[in-house]
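Peer 1: Take this sequence and fold it.
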Amino acid sequence: MLMFGLALEGGGVKGAFHMGAVKALLEEGYEFGGVTGTSIGALNGAIIAQGDFEAGYRLWEGMDAPLLFDIEEKQYRKLIDRRIDKELLLKLAARMGEIIENKGIDTVKMRQVVESIVDEEKLRRSVTDFGLVTVSITDLKPLELYKEDIPEGRMIDYLMASASFPGFKLNPIGNKYFIDGAFYDNCPVNLLARKGYKEIIAVRTLGPGIIQNVKYRNLKITNIIPSEDLGMPLDFNRELINRNLQMGYYDTMRSLKSLRGKGYYIIPQNEDTAFDIFCKLPDTLVNSLGKLFKMKEMPAKRMLFESIIPELANLSGLKADAEYQDILIGLLEVLAEDSGVKKYKIYSLEEFVGEIETNSKVYVKKTSLKMNAGLNKKLTDVLRGKHGLREAAKRIFDVICVMDLI
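Peer 2: So this is what the prediction gives:
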């Protein structure tokens, strides 16, 4: 049986996305011969590699800031709001001496959580390869370590070193100080390739940090990318964690099953189905859309396929060569979001239309789209485009429902 490598990118609370993703992968029958990670990716990776994914998932479901940090709310809010990006990481790298001198936020509670779930003996006995990344401040060099490279009894120390986020108190290992592996490689694909893995799934968080170029050839790398921002790295609030768990699961299912949609998850349709729906739109509707977008007059079907549909694709953020089903689903997603349709669920096209129809009847919009002529003149092209897209989507949807096209 083919064994995959699993690489987990760092990013604090974004790590909940890993667990949702792995849940989907395991349900679909994937098995991992090796797991690597940086920062929270290393912590999650250790749990997965030792065979305790379910316990790790439950830990995330119950996680919040008080479980991890023993600091005042005001100090914690300041920590959350600090925007960490690649530029800041590079600046911090040039000031390592100051970082060591400043005590930073105590990580005793976080370590206790790690100790409660990571079993060093179990991890070492596991047949699953495991690796992590950290950076030695003392030696000014990165460390890419497999579990066999880590001294006995020091596994927790090195996991904490990999997750030593800027602002945390630095605790030495022996007489050396370490900092977050994101300063060198936040998604350690190379660690897996070095072990011989050719098929690698990289669960990305798009967190702050440096990503090394892949140094090996003939690899098949599948990137699982979040569909939305996963939040500030240290914002460990329960609602955000739950959302990231769900997003990880459904974004992975989208990748594995080729689900359609950008914010929702729709089972693929036969392309002819969407094409037929557009073909059946009445000329009166097409002409009204032409006026909405201020298009020059021409025969309705020509205007629909040569002008209106390309404009709808553009306003939906789709490429010029997008399939008709993606354009149709993009229109439906606008209405689904407006009417509060549940996001984290896999829908057939028929179910999706039904949910929009049901929700639209009970949903009361909080903000009016009606604007006076003076305000319209001041609107940016972007806002005008969004309004046009929303209005077009509504008109097309109403006709689809009346004519029972789906």
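
Peer 1: was I right about Asp283 contacting Ala300?
Peer 2: Yes. Under the criterion of CB atoms under 8 Å, Asp283 makes contact with Ala300 at 3.9 Å. No exception for glycine: its C-beta is placed from N, CA and C like everyone else's.

Peer 1: Could you check which of those two has the larger neighbour count?
Peer 2: Legend: neighbour count by other CB atoms under 10 Å for Asp283 and Ala300, higher for Ala300 (18 against 12).

Peer 1: quick one: the more buried one from Lys176, how far?
Peer 2: 73 Å (CB to CB, to the nearest Å).

Peer 1: cool, Lys262 as well?
Peer 2: Relative to Lys176, and taking CB to CB, Lys262 is found at 46 Å.

Peer 1: Which residue ranges make up each domain of the protein?
Peer 2: 4-257, 265-403 (automatic domain parsing).

Peer 1: from the middle of its chain, how far away would stretch 171-178 be?
Peer 2: The chain centroid and the centroid of stretch 171-178 are separated by 33 Å under CA atoms, centre = their mean, to the nearest Å.

Peer 1: quick one: contacts of it?
Peer 2: Where contact means CB atoms under 8 Å, 6 or more residues apart in numbering, the residues beyond stretch 171-178 that reach it are 100, 107, 134-139, 143, 154, 157-158, 160-162, 164, 170.

Peer 1: What about the residues you listed, which are in helices?
Peer 2: The helices, defined by DSSP state H, take in Ile100, Asp157, Tyr158, Met160, Ala161, Ser162 from the contacts of stretch 171-178.

Peer 1: Report the buried members of those residues.
Peer 2: Asp157, Tyr158, Met160, Ala161, Ser162 (16 or more other CB atoms under 10 Å).

Peer 1: And those residues, which two are furthest apart?
Peer 2: Spanning the widest gap among these are Asp157 and Ser162, at 9.9 Å by CB to CB.

Peer 1: for the stretch 151-300 of the chain, what spans make up the strands?
Peer 2: All strands of the stretch 151-300 of the chain, identified by DSSP state E, counting those that start in this stretch, fall at 178-180, 199-203, 220-224, 265-266.

Peer 1: in this structure, which helix or strand is least confident?
Peer 2: Of all helical and strand segments in the chain, the minimum by mean pLDDT, DSSP states H and E falls on helix 373-378, at a mean of 44.

Peer 1: Point out where the stretch 1-150 of the chain drops to low pLDDT.
Peer 2: Applying pLDDT under 70 to the stretch 1-150 of the chain flags the ranges 1-2, 71-104.

Peer 1: just the strands in it please.
Peer 2: 4-8, 32-38, 129-136, 141-146.

Peer 1: Next, Met232: phi, psi?
Peer 2: phi -70, psi 140 (degrees, to the nearest 10).

Peer 1: Helices along the stretch 151-300 of the chain, start to end?
Peer 2: Ranges of helices within the stretch 151-300 of the chain are 155-162, 189-194, 238-257, 271-279, 283-292, 300-303, based on DSSP state H, counting those that start in this stretch.

Peer 1: of the ones you listed, which approaches Val334 most closely?
Peer 2: Each of the helices of the stretch 151-300 of the chain has some distance to Val334 by CB to CB; the shortest is helix 283-292, at 14.3 Å.

Peer 1: max-length helix in the protein?
Peer 2: helix 381-403.

Peer 1: What is that helix packed up against?
Peer 2: helix 283-292, helix 309-315, helix 324-339, helix 349-362 (3 or more CB pairs under 8 Å, 6 or more residues apart in numbering; DSSP states H and E).

Peer 1: I'd like the average pLDDT over the shortest one.
Peer 2: Translated: helix 309-315. Averaged across helix 309-315, pLDDT comes to 96.

Peer 1: for the first one, same thing?
Peer 2: Along helix 283-292, the predicted local confidence has a mean pLDDT of 97.

Peer 1: all numbers from here: first residue = 58
Peer 2: Sure, I'll start counting at 58 from here, so that last one is helix 340-349.

Peer 1: and that helix, what does it pack onto?
Peer 2: Against helix 340-349 (3+ CB pairs under 8 Å, 6+ apart) you get helix 357-360, helix 438-460.
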